[in-house]
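[1] Just need the structure, nothing else, for what follows:
(one chain, ligands or ions: 1)
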Amino acid sequence: MEVILVETGQEGALLAAHLIARQVRLRPDSVLGLATGATPIPIYAELVRMHREEGLSFRRVSTFNLDEYVGLASDHPASYRRYMQEHLFGRVDLAPERTHVPDGLAQDIPACCARYEEQIRMAGGVDLQLLGLGQDGHIGFNEPSSSLASRTRLKTLTPHTVAANRPGFPPGEAVPRHVLTMGIGTIMEARRCLLVAFGARKASAVARMVEGPLTAMVPASILQMHPCATILVDEAAGRRLRMRRYYLDVYRRKPDWQKE
Ligand code: GLP
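    From the prediction side, this is the model:
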């Protein structure tokens, strides 16, 4: 597990975008796993800038999003398909048919989830999976107590996550309790995981993910078992890490070629 501490979230977002862009330049037909939430917004903004100003092309890239709310149409203002359309898909040269978000309106949910897994396999697996972090340590919508071997499936949100995600919904509208999410086992098959967490409200989850015991109560702690996981945090999110000086030192001493 590599822990990169940067001063600010903005700096972290630029670095995350740089790592994603590097993956796309190295392999133009990369398969990217994508995340939603507030944290990735400046990352997508930087990728859009690179597309417009530096010729970064997503023409041959495929994408798979982590999750979606059940019952929301793709054009609902809080749907993750709409979020992706607004922040990335609609602003770069991604082929629409190669962008995948679980279908929140699927009639047959188990079949839809099985198909999502199959589509990931058919695409050759995820090269780089971008992850955010829930304040309770969730990744995707895998809430605490999720099976660490889980696959894409229906989950029920905790009241805590419902409250945390309410700002994304129009006033007065209920947040769905059900979601579809890639499983933890699905996420762990990505060849590289890049988790980003910024801000003081993530500090406890970051410390438990990196330095706590591996437990289903902190789903992100499974990344301790991933052969290539990068955890990118800002000062505020990293302030409860006991070994933060060591992580800073490791990164400072890294040869440039290894920083990528
Ligand atoms: C939601 C998403 C997660 C995301 C989390 C944190 O629950 N399903 O993928 O990581 O929110 O979001 P934020 O970045 O807004 O804190």
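
[2] C-alpha from now on. contacts and neighbour counts both.
    Noted.

[3] now the helices: where do they sit in this structure?
    With DSSP state H, the ranges of helices along the chain come out as 9-26, 41-54, 80-87, 109-122, 159-165, 184-188, 203-211, 235-238, 244-253, 256-259.

[4] quick one, which of these is nearest to the ligand?
    Of all these, helix 159-165 sits nearest to the ligand, with 6.3 Å by CA to the nearest ligand atom.

[5] could the helices of the chain be laid out in JSON lines, adding mean neighbour count, mean pLDDT and distance to S74?
    Formatted as JSON lines, these follow (neighbours: other CA atoms under 10 Å; pLDDT from 0 to 100; distance: least, CA to CA, whole Å):
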{"stretch": "helix 9-26", "mean neighbour count": "19", "mean pLDDT": "98", "distance to S74": "25"}
{"stretch": "helix 41-54", "mean neighbour count": "18", "mean pLDDT": "98", "distance to S74": "18"}
{"stretch": "helix 80-87", "mean neighbour count": "20", "mean pLDDT": "98", "distance to S74": "5"}
{"stretch": "helix 109-122", "mean neighbour count": "16", "mean pLDDT": "98", "distance to S74": "15"}
{"stretch": "helix 159-165", "mean neighbour count": "14", "mean pLDDT": "93", "distance to S74": "17"}
{"stretch": "helix 184-188", "mean neighbour count": "22", "mean pLDDT": "98", "distance to S74": "23"}
{"stretch": "helix 203-211", "mean neighbour count": "22", "mean pLDDT": "98", "distance to S74": "30"}
{"stretch": "helix 235-238", "mean neighbour count": "22", "mean pLDDT": "98", "distance to S74": "32"}
{"stretch": "helix 244-253", "mean neighbour count": "13", "mean pLDDT": "95", "distance to S74": "40"}
{"stretch": "helix 256-259", "mean neighbour count": "8", "mean pLDDT": "76", "distance to S74": "37"}
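
[6] wait, which of the ones you listed is closest to A197?
    Closest to A197 of the helices of the chain, according to CA to CA: helix 235-238, at 6.4 Å.

[7] what about the closest one and the ligand, any contact?
    No: using CA under 6 Å from any ligand atom, helix 235-238 stays clear of the ligand, coming no nearer than 11.2 Å.
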